[in-house]
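A.B. asks: Sequence below, structure please.
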Amino acid sequence: MTTVATQTCAPLARVSGDDLQVPLVQGGTTTYANFDYAASAPALAQVTDRVQQLLPFYASVHRGAGYASRVCTESYESARGSVTRFLDAEDDQVVIFTRNTTDSLNLLAACVPGDTVVLDIEHHANFLPWTRHGRRVVRAADTLEETVRLLVAELCSKPAALLAVTGASNVTGEVLPLDRLAQIAHQCGARILVDAAQLAPHRRISLRDTGIDYLAFSGHKLYAPFGAGVLVGRRDWLDRAEPYLAGGGAVREVTTTDARWAPAPQRHEAGSPNVLGAAALAAACDALCQIAPETLVAHERTLADRLRAGLAAIPGVTQLRLWSDSPDIVGIVAFTLDGFAPGEVAAYLSAEHGIGIRDGRFCAHPLLARLGLDGALRASVGLGTGTADVDRLIQAVATLVEQGPTWSYAKTDGLWNPTPETRDFAEGNAGAAACL
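C.D. replies: Purely as a prediction, here's the structure:
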C-alpha cells in the first residue's frame with residue numbers, strides 16, 4: 001500500500017451523484033470517485049433543490065403578467081444580486097448572464113476598444129477571442145515574478161486596452177496575484193479581465209478589494225448545471241458596444257429602419273434567457289457564501305497535499321508546475337506517468353477502478369507545448385471529495401505501476417478504450433422513450 005499523508009477529511013458538501021454506482025469492466029460495480037471537478041463540478045444539493053422548486057413555475061420572463069412569469073422574472077433578476085454579493089462587485093459593475101465563460105469572453109472581446117495583452121498559458125477561452133481587435137501574447141517565464149515583470153514591460157511598451165489573465169491555471173492550478181496585476185494594468189492605462197472559471201470555485205474573490213474590472217466564470221464549474229455563466233464588469237464599454245445578439249429583450253424601441261438599444265445587462269441578453277440556469281448559478285453562489293473561506297481552503301489543501309504526496313511516492317510520476325515560486329495553488333494536480341499514455345491511464349482508472357480523471361491537453365495547447373508535452377493527466381478535487389477518494393486514486397495509480405492493468409486497452413478513433421468493453425453506457429439514458 002502506498003503511504004499517504006495522515007491528515008484526513010470528509011466531503012465538505014453534498015453533491016449530485018455522490019453515491020453513484022458505476023460498472024467495472026471486470027464485473028460488479030463501485031461508487032464513482034470524481035476527480036474531474038475542473039472540467040465540470042457536480043451540482044450542489046442546494047442547487048438541485050432550487051431547480052426543483054422553480055420548475056413548476058416554468059414560464060417566460062420580463063414580458064408576462066401571469067403569476068408564474070412574475071415568479072420567474074423575480075428569480076432571474078434576483079440572481080444578479082446573488083452573483084454581485086458572491087463577487088463583492090462594485091456599484092457600477094453589471095452582471096450579464098451568458099452560456100459559459102467562453103461566451104462571456106467572446107462578448108467582452110466585441111466591446112474592447114483596443115489591444116488585449118494575454119499570457120501564453122491561458123485556456124483557449126481566454127486566448128482565442130481577443131484576436132478580433134489585436135492580441136499581444138506574452139510568453140510566461142519560469143518564475144511568477146519574472147512573468148509579472150514581462151507583463152509590465154509589455155503593457156508599458158505601447159498602449160493596451162485590456163490585460164486578460166486567468167485567475168488560476170486550468171492545468172496546474174497555480175494562482176496569479178490578481179490585485180497586483182490589477183494595479184499594474186491600471187497604472188499602465190489598461191483594464192483587467194480575469195477568467196475565474198477555475199478560481200471562483202476554490203477562492204473567494206472581491207472585485208471591490210482587488211480592483212478587477214471584468215470577471216467571467218461558468219456555472220457548471222461552480223456546482224451548478226450546464227448552460228449558464230456570467231460576465232461581470234464595468235458598464236461603459238458594455239453600453240457603448242453593439243449588442244452581442246440582436247433580438248427581443250435587448251431593445252427599448254424598434255422601427256422599420258432603426259432600433260434603440262437597451263443598456264447593459266439587457267443590451268447583451270437578447271432572446272428568452274436561461275432562467276433555470278441563472279437561478280441554479282445564483283443558488284450555487286449563495287451556498288458557497290455560506291462556507292467560510294478558510295474552511296474551503298483548509299479542506300482543499302488537505303486533499304491536494306495528500307494527493308501530491310501520494311503521487312510523489314509512486315515511481316514514474318511527474319507532477320507539472322509552471323512556476324517554482326507560486327504562492328498559492330488550487331485543488332488541481334496535473335501529472336504524467338512514465339511508460340503510459342495519459343489516455344490509457346485515464347481509461348484504466350475508469351474501467352477497472354470507477355475513478356473519473358481528465359486526460360489530454362485541457363484546451364490549453366500552448367501551455368502543454370511549452371511544457372514539452374502532447375498530453376497529461378489532471379486530477380481535481382472539490383466540495384464532494386474526501387480523503388478516502390484520494391487514497392483510492394493513489395492506490396489505483398500505484399497498482400498500475402506495480403502490477404500493470406488487468407484488462408487490455410487500445411486506441412480507436414483517437415480515444416483509449418478497454419478491449420473488450422463490457423460496460424453499458426446507455427444506462428443513464430434508460431428513461432428515454434423511443435421515437436416511433
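
A.B. asks: My guess is A38 contacts S169. True?
C.D. replies: No: with contact defined as C-beta atoms under 8 Å, A38 and S169 do not form a contacting pair (10.0 Å). (Each C-beta comes from the backbone N, C-alpha and C, glycine too.)

A.B. asks: Find the residues that touch each one of these two.
C.D. replies: 198, 332 (C-beta atoms under 8 Å, 6 or more residues apart in numbering).

A.B. asks: surely N417 meets E344?
C.D. replies: No: taking C-beta under 8 Å as the definition, N417 is not a contact partner of E344, at 9.8 Å.

A.B. asks: any common contacting residues for those two?
C.D. replies: What both N417 and E344 touch, as defined by C-beta under 8 Å, 6+ apart, is the set 409, 411.

A.B. asks: Which parts of the stretch 251-400 of the chain are strands?
C.D. replies: Listed in chain order, the strands of the stretch 251-400 of the chain (DSSP state E, counting those that start in this stretch) span 251-254, 259-261, 317-319, 332-337, 355-356, 358-360, 376-380.

A.B. asks: okay, these, which one's buried deepest?
C.D. replies: When the strands of the stretch 251-400 of the chain are scored by mean count of other C-beta atoms under 10 Å, the highest mean neighbour count falls to strand 376-380 (a mean of 27).

A.B. asks: hey, C-alpha coordinates of that one in PDB?
C.D. replies: Extracted C-alpha coordinates of strand 376-380, given in PDB (Å, rounded to 0.1, in the frame of the first residue of the first chain):
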ATOM      1  CA  ALA A 376      -1.100  14.800 -19.500                       C
ATOM      2  CA  LEU A 377      -3.400  13.700 -16.700                       C
ATOM      3  CA  ARG A 378      -5.300  16.100 -14.400                       C
ATOM      4  CA  ALA A 379      -6.900  15.200 -11.100                       C
ATOM      5  CA  SER A 380      -9.100  17.900  -9.500                       C
END
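
A.B. asks: Next, the angle from that strand to strand 332-337.
C.D. replies: Counting by axes from the mean of the first three to the mean of the last three C-alpha atoms, to 10 degrees, strand 376-380 lies at 150 degrees to strand 332-337.

A.B. asks: pLDDT (mean, whole number) over stretch 101-108?
C.D. replies: The average pLDDT for stretch 101-108 rounds to 98.

A.B. asks: Just send the strands of the stretch 251-400 of the chain back as a markdown table, with distance to R208 and mean pLDDT too.
C.D. replies: Converted to a markdown table, the strands of the stretch 251-400 of the chain look like this (distance: least, C-beta to C-beta, whole Å; pLDDT from 0 to 100):
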| stretch | distance to R208 | mean pLDDT |
| --- | --- | --- |
| strand 251-254 | 30 | 94 |
| strand 259-261 | 28 | 96 |
| strand 317-319 | 35 | 98 |
| strand 332-337 | 27 | 98 |
| strand 355-356 | 37 | 98 |
| strand 358-360 | 34 | 98 |
| strand 376-380 | 28 | 98 |
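
A.B. asks: quick one: contacts for A109?
C.D. replies: Contacts of A109 by C-beta under 8 Å, 6+ apart are 116, 129-130, 132-133.
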